[in-house]
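Enquirer: Here is the input, now give the coordinates:
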Amino acid sequence: GNIDAQIIDDDRMTTLTAASTLEKDMREQKLRANVAAGAIIGKRIAEKALAINIKSVVFDRGGFLYHGCIKALADAAREAGLEF
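Expert: As a prediction, this is how the structure comes out:
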């Protein structure tokens, strides 16, 4: 499995930035869809968002339960400065 996070402008229906375990440098780390990878992707999406002046988002977990990888991703994104 893999972990993906996207920052989407709902009004324009466009993806502003994204982070995924499928990105080349992430694939090289051979990350699995687990809590550790969730934290890495959470930090990465926050860094990418802040780099394009996005500081606050609405967190949509896409129907997944708020635990495990999803919680780790959210916690890491908040710790890295993303607000939601």
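Enquirer: Show me what the helix or strand bottoming out on mean pLDDT in the chain is packed up against.
Expert: One helix or strand of the chain scores below all others by mean pLDDT, DSSP states H and E: helix 24-27, with a mean of 90. Using 3 or more C-beta pairs under 8 Å, 6 or more residues apart in numbering; DSSP states H and E, the elements in contact with helix 24-27 are helix 35-51. Placement of C-beta: from N, CA and C, glycine included.
Enquirer: Next, the buried residues of the helix it packs on.
Expert: For helix 35-51, the neighbour count (16 or more other C-beta atoms under 10 Å) marks 35, 37-46, 48-49 as buried.
Enquirer: pLDDT below threshold where in this structure?
Expert: Across the chain, no stretch falls below the confidence threshold (pLDDT under 70).
Enquirer: show me where it has strands.
Expert: Along the chain, the segments classed as strands by DSSP state E run 4-9, 14-20.
Enquirer: would you turn those into a markdown table with distance to residue 78 and mean neighbour count?
Expert: Output for the strands of the chain, formatted as a markdown table (distance: least, C-beta to C-beta, whole Å; neighbours: other C-beta atoms under 10 Å):
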| stretch | distance to residue 78 | mean neighbour count |
| --- | --- | --- |
| strand 4-9 | 13 | 16 |
| strand 14-20 | 15 | 15 |
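Enquirer: Which residue is the nearest non-sequential neighbour of residue 75?
Expert: The spatially closest residue to residue 75, leaving aside those adjacent along the chain, is residue 42, at 6.7 Å (C-beta to C-beta, 6 or more residues apart in numbering).
Enquirer: Name the residues of the least confident helix or strand of the chain that are buried.
Expert: Quick answer for helix 24-27 (16+ other C-beta under 10 Å): residue 26.
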